[in-house]
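1. the following comprises the amino acid sequence and a computationally predicted model.
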Amino acid sequence: MTGRDRELAETLDELVTRHTTLRPKTWYGMPAYANDEGKVVVFFQSAATFKVRYATIGFQEVAHLDEGHLWPTAYAVTALTAADKKRLLALVQRAVG
């Protein structure tokens, strides 16, 4: 990855590896982070790979993000401000459980 995708992926990596017990792995050729059972909890998809205008940070079904009958499982990302990083970290920590 290069450019903005690389910056975003590195930021996600820093947040996840510094603040959770999730383990980094490659998943479908993209960065992902798995729990102790080896199940992916959170993943990154680069914009360039899919030729779209935004990268995606997503959560798999093992993530503890359920809220009633409707909740987001993926987020479009074009940049991460300090406030965005704080929000993302809270989501990732919640997803871990």
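-> Received, thanks.

2. what about Ala79, which helix or strand?
-> Using DSSP states H and E, Ala79 sits in no helix or strand.

3. please begin residue numbering at 31 from this point
-> With the count now opening at 31, the last piece we talked about shows up as Ala109.

4. ramachandran coordinates for it?
-> Main-chain dihedrals, Ala109, degrees, to the nearest 10: phi -160, psi 160.

5. any stretches of this structure with poor pLDDT?
-> The chain contains no residues with pLDDT under 70.

6. just give me the longest helix of it.
-> For the chain, the longest helix by residue count, based on DSSP state H, is helix 33-49.

7. from the middle of its chain, how far away would it be?
-> In this view, helix 33-49 has its centroid 9 Å away from the chain centroid, taken as CA atoms, centre = their mean, to the nearest Å.

8. and Ala113, how close does it get to Ala120?
-> Per CB to CB, to the nearest Å, Ala113 is found 11 Å from Ala120. All C-beta spots, glycine's among them, are computed from the backbone N, C-alpha and C.

9. these two - which one has more neighbours?
-> Ala120 (11 against 8; other CB atoms under 10 Å).

10. so the more buried one: helix, strand or coil?
-> Three-state call for Ala120 (DSSP: H, G, I helix; E, B strand; the rest coil): helix.

11. I figured Thr103 hits Val92, correct?
-> No - taking contacts as CB atoms under 8 Å, Thr103 lies outside contact range of Val92: 11.2 Å.

12. in stretch 119-127, which residues are buried?
-> Of the residues in stretch 119-127, Leu119, Leu121, Val122, Ala125, Val126 count as buried by neighbour count, 16 or more other CB atoms under 10 Å.

13. need the contact list for the last one.
-> Shown here is Val126, whose contacts under the criterion CB atoms under 8 Å, 6 or more residues apart in numbering are Thr50, Thr51, Leu52, Asn65, Val71, Ala93, His94.

14. tell me how many other residues surround Ala77.
-> Counted with other CB under 10 Å, residues neighbouring Ala77 total 19.
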